[in-house]
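# the following block contains a protein sequence and its predicted model.
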Amino acid sequence: MGQQTLGRRARLRIQTTAEIKATALRHMAEGGPDAISLRAIARDMQMSGSAIYSYFDTRDALITELINDVYTALVDHVEAARDALPTEDIAGRILAWATALRDWSLANPQGFRLIYGDPVPGYQTPEGGPAPEAAKRACLGLTGLAAAAWPYAETAQDGDHAWEDFAPELVDTIRRDNPALPPAGLALALRLWGRMHGLVALEVYGHLGPQSLRPEELYHAEIRDLIRSLRLPAPPIRP
């Protein structure tokens, strides 16, 4: 149903909900995770303290929805970048995912911090996590990249990995989607995540800027080195 077909009350609710979320992220940017408060948001928006509770019962409900929104937006972005390239271009798809991760994170630093960084004091994570579907998509996306690279990268991998090294829920998810991938392949997926994530986190939190005047080149050099270490075939020639 398009928004134009909604009634005035429904449109107002959608707009106010979006403003509440945007205000919460702004408060987090200005005061850290502890600054997310329904009453403070209500004051900022000139709403009554009781009115905002008709949108979100608790602060935890707001934080859960924020995390789900931003995590889903991130996964949508990296998946679209990956899927713009053919499946046989394994190196290109890894580079596209990594580049999209950095681009989104720098454009949405508070979203990155909410997903991967600062814990919100007092926040009670719901059973299954605040964004289970987005988290699963991110996990399977990275594991899919590792699985595509595995036939070439297998002989270059270190470590003696077993399924018992990983969380049982993660193992169940991965083995359902990639039944042929061995434990070392899952370890590779986690290392891919670590190498992509590490420099991005340093940059988002402002730790890299004083040391590097060209952080984008540093990041791309790291990802190119990662791709070389996987011994992938040359990308296909496109017309």
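Arrived safely, thanks for sending.

# contacting residues around the closest residue to residue 153 other than its chain neighbours?
The shortest distance from residue 153 to any non-neighbouring residue, by CB to CB, 6 or more residues apart in numbering, is to residue 230 (4.2 Å). For the C-beta atoms, the positions are set from N, CA and C on the backbone; glycine is no exception. Applying CB atoms under 8 Å, 6 or more residues apart in numbering, we find residue 230 in contact with 90-91, 94, 149, 152-153, 156.

# filter those down to the buried ones, PyMOL style.
To isolate in PyMOL the members of the contacts of residue 230 that are buried, counting by 16 or more other CB atoms under 10 Å, one can use:
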select buried, resi 90+91+94+149+153
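
# excluding its backbone neighbours, what's nearest residue 27?
Nearest to residue 27 is residue 35, by CB to CB, 6+ apart, at 4.4 Å.

# just give me the neighbour total for that neighbour.
By other CB atoms under 10 Å, the residues close to residue 35 number 15.

# again with residue 129
Residues within reach of residue 129, counting by other CB under 10 Å, total 15.

# and what of residue 151?
Residue 151 has 14 neighbours, counted by other CB under 10 Å.

# so what does the host helix or strand of it touch, helix or strand wise?
Using DSSP states H and E, residue 151 sits within helix 132-153. Using 3 or more CB pairs under 8 Å, 6 or more residues apart in numbering; DSSP states H and E, the elements in contact with helix 132-153 are helix 59-83, helix 90-107, helix 168-177, helix 183-204.

# rounded mean pLDDT for the second one, please.
To tie it back to what came earlier, the one meant is helix 90-107. The pLDDT scores in helix 90-107 average 97.

# ok so, going back, please determine how far the residue nearest to residue 27 is located from residue 46.
18 Å (CB to CB, to the nearest Å).

# model confidence score at residue 119, please.
Among the per-residue scores, residue 119 holds a pLDDT of 82.

# I'd assumed residue 33 was in contact with it.
Yes. Residue 119 lies in contact with residue 33 (CB atoms under 8 Å); the separation is 6.7 Å.

# could you find the closest non-adjacent residue to residue 222?
residue 199 (5.8 Å).

# so who does that neighbour touch?
Counting by CB under 8 Å, 6+ apart, residue 199 touches 102, 208, 215, 218-219, 222.

# and the least confident of those?
Across these, the bottom pLDDT score, 90, is held by residue 208.

# that one: what secondary structure?
coil (DSSP: H, G, I helix; E, B strand; the rest coil).

# what about it, distance to residue 118?
Distance of residue 208 to residue 118, given as CB to CB: 18 Å.

# same thing with residue 209?
Between residue 209 and residue 118 the distance is 19 Å, computed by CB to CB.
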